[in-house]
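In: Return atomic coordinates for the entry below.
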Amino acid sequence: MTYKNIDSSAFPSVLSVFPLEKCLLLPKATLPLNIFEPKYISMIDDALSGDRFIGIIQPSIKTTNKKEQNLESIGCLGKISTYIENDDSTYIVKLTGICRFTLLNEIKTDSSYRKFEVNYNNYLDDLSETNTISDTERKKILKIIAEYLNVNDLTTDWEAISDTKTEILINIFSMLSPFNAKEKQALLEAIDIKKRSEVLIALSEIAIASRNTSKTTFIQ
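Out: Residues are numbered from 1 along each chain as shown. Modelled structure (predicted):
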């Protein structure tokens, strides 16, 4: 999917949302999902018969006595780019992140899943190709990723990582890293890719230090 010809006027003003804790979808990155709950199977069915858009958003960390869980105020619009329908009518789908949105009012419908009025105006820069990360900053990001993989005994295709555009690299690492819900939301809400890079580096450094301390303690 290319971003050069995306027309934000085609974005739905009323969006079906899929709440997922500690799960992010970020612009220009992809998110695989295994859809098995009946209400979300229905949501995917409806999306596939329409514009293929759904929203990914986290449940709010705030407690509530309401029947419906509170949601965070910021999520990300995704478009179903590929899907597989299994024999049992469940789905494996791949969402491509398009643009973040602000949650407004919930719309009461007969659907088993939830729909909200949303607004994209604060995040239309998500549609642009950005190049605000310097070579020095990119090297620091790559160093942090390498250290994070090393302390967690993880391996990856480093050549593929090195060839990935910086913005996509930051967004993918933000999505894949096992940070808590609050930290994930901070990454999502970072005003631009430069700020997200700063947040990602800070969180990763904390995680690396904590992991190294745990290993040292265990060895002792």
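
In: what about Asp135, neighbour count?
Out: When neighbours are defined as other CB atoms under 10 Å, Asp135 has 8 of them. Using the backbone N, CA and C atoms, a C-beta is placed for each residue, glycine as well.

In: what's the domain layout of this structure?
Out: Following automatic domain parsing, the chain resolves into domains at 8-127, 135-219.

In: Which positions within the longest strand seen in the chain qualify as buried?
Out: Ordering each strand of the chain by length in residues (DSSP state E) puts strand 91-107 first. Neighbour-count burial for strand 91-107 flags Tyr91, Val93, Leu95, Thr96, Gly97, Ile98, Cys99, Arg100, Phe101, Leu103 (criterion: 16 or more other CB atoms under 10 Å).

In: same question, stretch 106-120
Out: Result for stretch 106-120 [16+ other CB under 10 Å]: buried residues Tyr113, Arg114, Lys115, Phe116, Val118, Tyr120.

In: gap between it and the chain center?
Out: When distances are taken as CA atoms, centre = their mean, to the nearest Å, stretch 106-120 is centred 20 Å away from the chain's centroid.

In: What's the end-to-end length of that stretch?
Out: Taking CA to CA, to the nearest Å, the first and last residues of stretch 106-120 lie 16 Å apart.

In: same check, this time on stretch 125-138
Out: 20 Å.

In: My guess is Asp126 contacts Arg100. True?
Out: Yes - contact criterion CB atoms under 8 Å: Asp126 and Arg100 qualify, at 5.8 Å.

In: And the residue minimising distance to the centre of the chain, how far from Pro38?
Out: What sits nearest the mean C-alpha location of the chain, by CA atoms, centre = their mean, is Leu25, with 1.8 Å. Distance, Leu25 to Pro38, by CB to CB, to the nearest Å: 22 Å.

In: just Ile98 next, same as before
Out: 26 Å.

In: I'd guess Arg138 is in a helix, am I close?
Out: Yes - the assignment for Arg138 (DSSP: H, G, I helix; E, B strand; the rest coil) places it in a helix.

In: got a list of what it touches?
Out: Thr166 (CB atoms under 8 Å, 6 or more residues apart in numbering).
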